[in-house]
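1. One predicted model, sequence on top.
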Amino acid sequence: MVNRLKNGIVIDHVVSGKGIHIITLLAEKTAGHRVILLQHAESRKMGTKDLIKLEDVKLEDTDLQFISLFAPNATVNFIENEEVVRKHSVKAPEMVSGLIRCPNARCITNDPGEAEFLVSRLKRVKTGYICDYCEQVWTTKTYPDGWSANKVGV
């Protein structure tokens, strides 16, 4: 259905419906590049999944951390000359510090008077992440939509 990539990145094993969040977070990196999102593809392992192809795009470690928040079991394949040169299995970080804002609008880290002095810190817990400041727990069902618009610096 879709041509092979000559150079770029394939993000596989994304939970169905979460691929659009990853594309949104990577919008600056992918501007002007071909981006392919395959949603709800059949998967023996997951039932259904999303798959993302990014042509001629380079990702940094912080980008991989963002991907892990939305797709904690994703595999990132780096493609050069139509060959997979490296596979990277993302892992949800134990601590997310300064990478995103707490999705809780009432958290002190989102107060305009305090935000410049505080760095958001979210610790990984069994069900998702907990904010160090407001102690709100964000589960895999509640945090992605809030975080898609709350990337630090956006």
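-> Yep, it's here.
2. need the longest helix for this protein.
-> helix 61-70 (DSSP state H).
3. Show the subsequent helix or strand relative to that helix.
-> strand 75-80 (DSSP states H and E).
4. in its sheet, what does that next one sit against?
-> Applying DSSP bridges, strand 75-80 is found paired with strand 8-15 (antiparallel), strand 83-89 (antiparallel).
5. Would you mind putting the CA coordinates of the first one into CSV?
-> Presented in CSV, the C-alpha positions along strand 8-15 are these (Å, rounded to 0.1, in the frame of the first residue of the first chain):
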residue,chain,number,x,y,z
GLY,A,8,13.8,7.8,7.6
ILE,A,9,12.0,6.2,10.6
VAL,A,10,9.2,3.7,11.1
ILE,A,11,7.5,3.8,14.5
ASP,A,12,5.8,0.4,15.0
HIS,A,13,3.6,-1.1,17.7
VAL,A,14,1.8,2.1,18.6
VAL,A,15,-1.5,1.6,20.5
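6. what does the longest helix of the chain contact?
-> The contact list for helix 61-70 (CB atoms under 8 Å, 6 or more residues apart in numbering) reads 11, 14-15, 18, 21-22, 25-26, 29, 59, 74, 76, 88, 90-93, 96, 99-100, 143-144, 147, 151. C-beta here means a position set from N, CA and C on the backbone, and glycine is covered the same way.
7. Nearest to Ala41, out of the strands paired with strand 75-80?
-> For Ala41, the closest of those is strand 8-15, at 9.5 Å, according to CB to CB.
8. same question for the helix or strand following that closest one, mean pLDDT?
-> Next along the chain after strand 8-15, taking DSSP H and E as the criterion, comes helix 19-25. In this model, helix 19-25 carries a mean pLDDT of 87.
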